[in-house]
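Visitor: Next one to model:
(2 chains)
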Number of protein chains: 2
Amino acid sequence: MVVTCVLGIDPGLANTGYGVVARRGARVVARDGGVIETRKGLALEQRLAILYAEVDELLQRHDPDAVALEDLFFGANARSAFAVGQARGVVLLAAGRRGIPCSSYTPQQVKLAVCGTGRAAKDQVARMVCAVLGLPDDPLPDHATDALAVGVCHVNHAPLAQVMAGAR
Amino acid sequence: MVVTCVLGIDPGLANTGYGVVARRGARVVARDGGVIETRKGLALEQRLAILYAEVDELLQRHDPDAVALEDLFFGANARSAFAVGQARGVVLLAAGRRGIPCSSYTPQQVKLAVCGTGRAAKDQVARMVCAVLGLPDDPLPDHATDALAVGVCHVNHAPLAQVMAGAR
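Guide: Modelled structure (predicted):
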């Protein structure tokens, strides 16, 4: 049976959430999840180097078929978009250098895929992620849950996208 | 005599300008300059991987003491800040992994350092960069000239910053 494994990422300079989600037929399970932190006192280039090394280690350990990332949320300001963009570029690079394809999903797409509505509240998404993955309720930090949600969005979205591509 | 060498970068996903500027006493010269381009048709992670490889090659070839980058310009919108941020993160990472310190300058700081006013026009900055570096007028693409300007800003700024740090 084909197993699809995806590394979901909620990128940020201080905190990058990650969640490894695998789909085996109809079953979706979590294989890993957590937060990569970088200290504020370090130079920006050093913080990005730490983030890169940690993400690269995750890619090596789990060998995912894809990386799924949160896209910019509507209403973000330029300064925070710039900071998140820098962290996100480093994550994309880690995947790109290993030849692993990346997909982006807006927060609305993630909510729709996980909860059936693009307007779901944050705690509703967290509860659904735990339910889908068979995890105890809310065991992880917010950023990790967000990353798992992007991973669930991708494994639920990808088969449909393949069917639709095949039907064209 | 101490030679300070700096790689100036004007980051962007499609076009990243670069300029290598060296200071030997009172004299400032250009050692290299150009534009790294990535094709629109490629996946984002592949474009960032190309940018990283090219910047890393420049760092290896010129072995600069520092990398100087343009900061976000005031008035940028979130979407373009996000895109530029991703490219900038990759450049910072290349420097960070080699232990080369990075500095950021706003467009106003660059104009002030090169032309004596933060409100200088684009063509005035280009003319001054060429004059300072002893280059024929406007020999390079805009992005390369912008990168050289950041490099000139850094080599002119750094000695003063050191004097001021020593005086404290």
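Visitor: what does chain A put close to chain B?
Guide: A:43-46, A:48-49, A:52, A:67, A:72, A:76-90, A:92-93, A:95-97, A:100-102 (CB under 8 Å from any CB of the partner chain). Quick note: C-beta positions are derived from backbone N, CA and C, even for glycine.
Visitor: So how do I select the buried members of those residues in ChimeraX?
Guide: To isolate the buried subset of the residues of chain A next to chain B in ChimeraX, counting by 16 or more other CB atoms under 10 Å in any protein chain shown, use the following:
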select /A:44,45,46,48,49,52,67,72,76,78,80,81,82,83,84,85,86,87,88,89,90,92,93,95,96,97,100,102
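Visitor: Now, the residues of chain A next to chain B that are in helices?
Guide: Among these, DSSP state H puts A:44-46, A:48-49, A:52, A:78-90, A:92-93, A:95-97 in helices.
Visitor: Identify the residue spatially nearest to the closest residue to chain B within chain A, adjacent ones excluded.
Guide: Across chain A, the shortest distance to chain B (CB to the nearest CB) belongs to residue A:85, at 2.2 Å. Nearest non-adjacent residue to residue A:85, counting by CB to CB, 6 or more residues apart in numbering or on different chains: residue B:85, 2.2 Å away.
Visitor: residues contacting the one you found?
Guide: Listed by CB atoms under 8 Å, 6 or more residues apart in numbering or on different chains, the contact partners of residue B:85 are A:81-86, A:88-89, B:72.
Visitor: and with 10 Å instead?
Guide: Applying CB atoms under 10 Å, 6 or more residues apart in numbering or on different chains, we find residue B:85 in contact with A:13, A:72, A:78-89, B:11, B:13, B:72, B:76, B:78.
Visitor: quick one: which helix or strand includes residue A:118?
Guide: Assigned by DSSP states H and E, residue A:118 belongs to no helix or strand.
Visitor: Contacts only, for it.
Guide: The contact partners of residue A:118, by CB under 10 Å, 6+ apart, come to A:106-112.
Visitor: quick one: low-confidence ranges for chain A?
Guide: Filtered on pLDDT under 70, chain A yields the residue ranges A:1-2, A:138, A:158-168.
Visitor: can you map out the helices along it?
Guide: A:44-62, A:78-97, A:107-115, A:122-133, A:142-167.
Visitor: most packed of these?
Guide: Comparing the helices of chain A by mean neighbour count (mean count of other CB atoms under 10 Å in any protein chain shown), helix A:78-97 ranks first with a mean of 25.
Visitor: Give me the angle between that one and helix B:44-62.
Guide: 90 degrees (axes from the mean of the first three to the mean of the last three CA atoms, to 10 degrees).
Visitor: so how far is helix A:78-97 off the chain centroid?
Guide: Between the centre of helix A:78-97 and the centre of its chain there are 13 Å (CA atoms, centre = their mean, to the nearest Å).
Visitor: got a list of what residue A:91 touches?
Guide: A:7, A:9-11, A:16, A:18, A:36, A:48, A:51-52, A:54-56, A:58-59, A:67, A:69, A:102, B:45, B:48, B:86, B:89.
Visitor: Please apply the same query to residue A:139.
Guide: A:30, A:33, A:126, A:130, A:145.
Visitor: leaving aside the residues next to it on the chain, what's closest to the last one?
Guide: Counting by CB to CB, 6+ apart, residue A:126 is the residue found nearest to residue A:145 once chain neighbours are left out, at 4.7 Å.
Visitor: swap in the first one?
Guide: Using CB to CB, 6+ apart and skipping residues adjacent in sequence, the residue nearest residue A:30 is residue A:133, 4.3 Å away.
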